[in-house]
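# Structure, please.
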Amino acid sequence: MSALTEATPAERHRIVASGFAEQVAATADWSARSPVPEWTARDVVGHLTGWLPEFLAAGGVALRSVTSVDEAPTTAWTEHAAAVQELFDADDADREFTHPYLGTSSLESTIDRIYTADVFMHTWDLARAGARRPDLDPEFATVLLDGLRQMEGVLRSSGQYGPAHAVPGDADPVVALAAFIGRDPNF
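Now for the predicted structure:
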């Protein structure tokens, strides 16, 4: 088993956020096009720092504010990742969290399932915007891909995922995951 598949939600976030931070630090051109249609490298960071506070607020959890991605994307990511990690590291991270659309589970489980997985997937996007190949855990990519395939209809109908791209059966699991969520594997 890999470090990510064996990790607790707090450990997994720490590892995934650190990998994303490496891509943030390596980004020289924030206006570079990303594999997400109509998004730049800056938009990838803006997406990850933007949607979670609203999502958590819908369930009554406040995430502290961070620097604007428009002002300083590196600082915004560093502050945001630290704020999320504080939620995982809190004594009550396992408390119930009820979201109006997703129901009730523990706060740490919800963030892990919904957000940490999103950071993992968008690490590929940010790396590819800079013409880099990220060193992402293939086993964790396989776990995510298997889970996403089980709810493909819901994902596609949400409008948040593009059509899947075909990849060979022996494709790298990270590339297969990116292709499944609508990224051109050759970007």
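# Could you identify the helix or strand that succeeds the worst-scoring helix or strand of the chain on mean pLDDT?
For the chain, the helix or strand with the lowest mean confidence is helix 152-158, at a mean of 84 (criterion: mean pLDDT, DSSP states H and E). Following helix 152-158 in sequence order, the next helix or strand is helix 173-180 (DSSP states H and E).
# Could you export the helix or strand harbouring Leu56 as PDB, CA atoms only?
Following DSSP H and E, one finds Leu56 within helix 41-57. Provided in PDB are the C-alpha atoms of helix 41-57 (Å, rounded to 0.1, in the frame of the first residue of the first chain):
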ATOM      1  CA  ALA A  41      -2.300  28.300 -13.700                       C
ATOM      2  CA  ARG A  42      -3.600  31.100 -11.400                       C
ATOM      3  CA  ASP A  43      -7.200  29.900 -11.900                       C
ATOM      4  CA  VAL A  44      -6.200  26.400 -10.700                       C
ATOM      5  CA  VAL A  45      -5.000  27.800  -7.400                       C
ATOM      6  CA  GLY A  46      -7.900  30.200  -7.200                       C
ATOM      7  CA  HIS A  47     -10.300  27.300  -7.600                       C
ATOM      8  CA  LEU A  48      -8.800  25.300  -4.700                       C
ATOM      9  CA  THR A  49      -8.700  28.300  -2.400                       C
ATOM     10  CA  GLY A  50     -12.100  29.600  -3.500                       C
ATOM     11  CA  TRP A  51     -14.700  26.800  -3.300                       C
ATOM     12  CA  LEU A  52     -13.900  25.100   0.000                       C
ATOM     13  CA  PRO A  53     -14.700  28.100   2.300                       C
ATOM     14  CA  GLU A  54     -18.200  28.400   0.800                       C
ATOM     15  CA  PHE A  55     -18.700  24.600   0.900                       C
ATOM     16  CA  LEU A  56     -17.700  24.500   4.600                       C
ATOM     17  CA  ALA A  57     -19.800  27.600   5.400                       C
END
